[in-house]
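In: only geometry, no sequence info:
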C-alpha cells in the first residue's frame, strides 16, 4: 500500500517504515541502511521527508524528562506538542510558544523552523538547547547551545539532513495562563496604519482572511493572564468582538478549536488554535507559507491583497503572523523578524501551480523566503541565495553524514544545488 503525507498530495518512495522500540535498535537500522529519513507526523506538504530507503518512525519513543535545576525538558523523538503540553503543565512548566496543531512532533517542527505567532516570540526552534541524533555511521551525537556554540545554530534547523533526532532538550518557563479573544472585521486601513501595534496587542496574535473582503475577517488575540492583575481589554482597532467561538474558516464549526470568549486556561491549551487530541481536518488541503522581513509588512500585505480575485474558489483561509529574529542558520527568521503569510488552499495542484510563481514574484522585492515544509515553486538558486550560512551547513552535513544516507532529492536540490528526478522544473514534485 502506498504511503502518503498527511494531505495525501505526496506519495513516499520509502521501501518500508520501521518503528524501533529503542534508540539502540534505531542505530542498528541506520548502520544497515543505504538511505534513511525520519518520518514524523507527516505534516510537510513537499518531499522534504521522503527517502528511497528506510523511513524511521519514532512513534514508540515517547519519553519526557524535566530538569528543574536547568529549567529544561528533554523529550524523545516521537513526542508531540499534544503529549508535551499537559505533561509540562503537571510539573508547573510550559513552553514559550507552541505549534498551532498539537499533533505535530516536536523534533519535526523544530527541524523545519515551524513557529507560532508573537512579535516578541521566536520560532519553536529557539527553545532548543540540545540535540541528540544518530549520525550517518549509526553513532549517537549530542550537540548543545552551551557545548557547541560555533556549530549548534546550524544544527537546530537541520531539515532532517544531519541524522535521526532521538532526543531534544528545550528551555521551559513557569506555567502561565492565556485567554483568547476574537474580533471581527478589522479595517484594512487600520491594519496598514497600526500593523505593529495590532500584532503586539497580545502575547500571540493572528489574522485570518481570504483577502477578498474590505476588512480582515478575524483578529485572534491570545493574552497572557496574571491572576493578580485585572485584565484590561486591548484596543480593537475598529474590529468588533465576536459573539461566539470562531473557527479560522468562517463557515466551519469551532468545536475543534481551543476555548475562546476570554476563558483563561493553561498556555498549552490556548496558544494552539486547535485542541489537544483533536485533528482539525482530514488533510484535504494544500498549505503554502512565505516569510517577509517585518519592515516590509505593510507593502507585502498590499501585494498579497492584490491577489484576492485570483484566490477566489481556491483559497480556504490565510493567516498572518509575526515571528522574532533568531540566529539559526537555516531559519527563515535568521537575523531578522518576519511577517508570515500562511495559505490553506483547496486540493487543486494544477491551479495552485499556476498561481504560486506569480505570488512569489509579487513578494520577491521584499526578500521572501518559503517555509521549508510547505509547497513553493521558487527556484533552488533563489532559495539558496537567501541563506548566507548555507556553505557552513553543507559542511556540517558532510561531517555528520559523509555518505549522504540522510540526503534526499529535496536536500540535494535546495541545499546542494543538485537536480533530482521526479520533480517539476522548480523542484517540487507533481502532487496528486
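Out: Looks like it arrived, so ask away. Computed from a predicted structure; not experimentally measured. Numbering: from 1, shown residues only.

In: burial count for residue 253?
Out: Other residues lying near residue 253 total 10 when counted by other C-beta atoms under 10 Å. C-beta here means a position set from N, CA and C on the backbone, and glycine is covered the same way.

In: what's near enough to touch it?
Out: Contact criterion C-beta atoms under 8 Å, 6 or more residues apart in numbering gives residue 247 as the residues in contact with residue 253.

In: Same check on the one 5 residues further on?
Out: If you count contacts by C-beta under 8 Å, 6+ apart, residue 258 has them with 180, 265, 269-270, 272-275.

In: Can you tell me the centre-most residue of this structure?
Out: residue 114 (2.1 Å; C-alpha atoms, centre = their mean).

In: Just give the nearest non-adjacent residue to that one, would you?
Out: The spatial neighbour of residue 114 that comes closest, neighbours along the chain excluded (C-beta to C-beta, 6 or more residues apart in numbering), is residue 124 at 5.5 Å.

In: and the one you found, how many neighbours?
Out: 25.

In: Can you report phi and psi for it?
Out: phi -60, psi -30 (degrees, to the nearest 10).

In: pLDDT wise, what is it at?
Out: With respect to pLDDT, residue 124 scores 96.

In: cool, residue 278 as well?
Out: Here, the pLDDT recorded for residue 278 equals 67.

In: correct me, but the residue nearest to the centre of the chain touches residue 104?
Out: Yes - the pair residue 114 and residue 104 qualifies as a contact (C-beta atoms under 8 Å) at a distance of 6.9 Å.

In: tell me the contacts of residue 386?
Out: With contact taken as C-beta under 8 Å, 6+ apart, residue 386 is in contact with 367, 369.

In: again, only using 6 Å
Out: With contacts defined as C-beta atoms under 6 Å, 6 or more residues apart in numbering, the neighbours of residue 386 are residue 369.

In: Can I take it that it is in a strand?
Out: No - under DSSP: H, G, I helix; E, B strand; the rest coil, residue 386 falls outside any strand and is assigned coil.

In: What is the neighbour count of the residue nearest to residue 337 when sequence neighbours are not counted?
Out: The spatial neighbour of residue 337 that comes closest, neighbours along the chain excluded (C-beta to C-beta, 6+ apart), is residue 294 at 4.2 Å. For residue 294, the tally of surrounding residues (other C-beta under 10 Å) stands at 21.

In: again, but for residue 16
Out: Residue 16 is flanked by 8 other residues according to other C-beta under 10 Å.

In: just residue 191 next, same as before
Out: Around residue 191 sit 24 other residues, with neighbours defined as other C-beta under 10 Å.

In: Can you pull out the residues in contact with stretch 32-48?
Out: Residues from elsewhere that reach stretch 32-48, judged by C-beta under 6 Å, 6+ apart: 5-7, 10, 30, 49, 51-57, 103-105, 108, 160, 164, 287, 373-375, 405, 410, 428-429.

In: Report the buried residues of it.
Out: Of all the residues in stretch 32-48, those buried under the rule 16 or more other C-beta atoms under 10 Å are 33, 35-48.

In: tell me the mean pLDDT over that stretch?
Out: On average, stretch 32-48 scores 94.

In: what about that stretch, distance to the chain center?
Out: Distance of stretch 32-48 from the chain centroid (C-alpha atoms, centre = their mean, to the nearest Å) equals 16 Å.

In: what does stretch 121-129 give?
Out: 11 Å.

In: go on, stretch 343-361?
Out: Its chain's C-alpha centre and that of stretch 343-361 lie 19 Å apart, by C-alpha atoms, centre = their mean.

In: Quick check: buried residues in it?
Out: By neighbour count, and taking 16+ other C-beta under 10 Å as the criterion, the buried residues in stretch 343-361 are 343-345, 349, 352-353, 355-356, 359-360.

In: got it, and stretch 142-157?
Out: Taking 16+ other C-beta under 10 Å as the basis for neighbour counts, the residues of stretch 142-157 that come out buried are 143, 145, 148, 151-157.

In: now do the same end-to-end measure for that stretch.
Out: Between the opening and closing residues of stretch 142-157 lies a distance of 15 Å (C-alpha to C-alpha, to the nearest Å).

In: Might one say that the residue nearest to residue 337 is in contact with residue 340?
Out: No - proximity of residue 294 to residue 340 does not meet the contact threshold set by C-beta atoms under 6 Å, at 10.0 Å.

In: how deep is residue 339 tucked in, by neighbour count?
Out: 25.

In: any idea of the mean pLDDT in the lengthiest helix in the chain?
Out: In the chain, ranked by residue count with DSSP state H as the criterion, the top helix is helix 349-363. Model confidence over helix 349-363 averages 97 on the pLDDT scale.

In: partners of the helix or strand just after that helix in the sheet?
Out: The first helix or strand that comes after helix 349-363 along the chain, using DSSP states H and E, is strand 369-370. If you go by DSSP bridges, strand 369-370 pairs up with strand 286-293 (antiparallel).

In: Going toward the C-terminus from the strand it pairs with, what's the next helix or strand?
Out: Note on strand 286-293: by DSSP H and E, the next helix or strand toward the C-terminus is helix 297-305.

In: list the buried ones in that following helix?
Out: The neighbour-count check on helix 297-305 (16+ other C-beta under 10 Å) flags 297, 300-301, 303-305 as buried.

In: re earlier: of the contacts of residue 258, just say which sits nearest to residue 315.
Out: Taking C-beta to C-beta as the measure, residue 315 sits nearest to residue 273 out of the contacts of residue 258, at 17.5 Å.

In: Spatially nearest residue to the closest one (excluding sequence neighbours)?
Out: Residue 273 sits nearest to residue 100 (C-beta to C-beta, 6+ apart), 4.6 Å away.

In: low pLDDT regions in the stretch 151-300 of the chain?
Out: Counting by pLDDT under 70, the low-confidence segments of the stretch 151-300 of the chain come to 278-283.
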